[in-house]
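> Following is a predicted model, sequence given first.
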Amino acid sequence: MNANPQYPDTGRQISTEDLLAALLPDSPAGAQPTAPAPAAPAAQSVLDVAALLELARRQGALEAAVAQKTPAPIAEDKLSSGPLVPRWAVGTAVAAVGVGAGGLLLSFALDLLATGAAAIAAGITAAAPMLILGAVLVAALIGRRSSKGGGFEVTQTVVQTITNTVKGGGRR
């Protein structure tokens, strides 16, 4: 961008009538532009917005045009008298959708079942040492209750043999 204007001033002033002729469509009301209100020479180059709006309102440009459209008649042909698709094709499509959805649900169920089994196996593997210890304690308690002698009997035998060897081959 620079300070010089892109379009040089040709010295021509655009009047209100020229602007309205360029902006508004040709119509019987537009053919008779309203006379601009007398204004001071300095204000003549400024557009009168109220006059533009009044002219547009008189021409009907500001009112919404509601045109009631009637549907276009459909041409009759030999194909439009019957169904577009045979019934067996519709039935096949419905069955295919059902089989596809059922297969998808079955695959989701099998995936969840396999994930659950893997989680149970991982839990048992992680808890195996505690399960073995618990099984040993339960077996010990059951064995203690079933024996009338008061439980387990532990016997310890200590045997000590002292031998003295003398140099010279004899015993003393």
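Good, I have the coordinates.

> can we go C-alpha only for contacts and neighbour counts from here?
OK.

> got the buried residues for the one helix or strand A51 maps to?
Element membership of A51 [criterion: DSSP states H and E] is helix 49-59. Across helix 49-59, burial judged by 16 or more other C-alpha atoms under 10 Å covers 52, 55-56, 59.

> for those residues, which one is nearest R145?
A56 (109.1 Å; C-alpha to C-alpha).

> Run through the chain and note the low-pLDDT ranges.
1-3, 5-12, 25-47, 62-83, 146-153, 166-172 (pLDDT under 70).

> which residues of it fall in helices?
Taking DSSP state H, the helices of the chain run over residues 16-23, 49-59, 87-146.

> And L133, how close does it get to A140?
The gap separating L133 from A140 is 11 Å, by C-alpha to C-alpha, to the nearest Å.

> out of the two, which sits in the busier spot?
Per other C-alpha atoms under 10 Å, whichever of L133 and A140 has more neighbours is A140, with 14 against 11.

> Relative to A128, how far out is that one?
18 Å.

> now do A117
16 Å.

> try A121
According to C-alpha to C-alpha, A121 stands 10 Å off from A128.

> How about Q59?
For Q59, the distance to A128 equals 92 Å [C-alpha to C-alpha].

> A109 now?
Counting by C-alpha to C-alpha - A109 and A128 are separated by 28 Å.

> Please apply the same query to G103.
37 Å.

> for R145, same thing?
Per C-alpha to C-alpha, R145 is found 26 Å from A128.

> And for A114?
A114 sits 21 Å away from A128, taking C-alpha to C-alpha as the criterion.

> ditto for T163
With distances taken as C-alpha to C-alpha, T163 is found 50 Å from A128.

> Those two: who's more crowded?
A128 (12 against 7).

> Next, format the helices of the chain as CSV and append distance to N4.
Formatted as CSV, these follow (distance: least, C-alpha to C-alpha, whole Å):
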stretch, distance to N4
helix 16-23, 26
helix 49-59, 29
helix 87-146, 69
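
> neighbours around G123, how many?
11.
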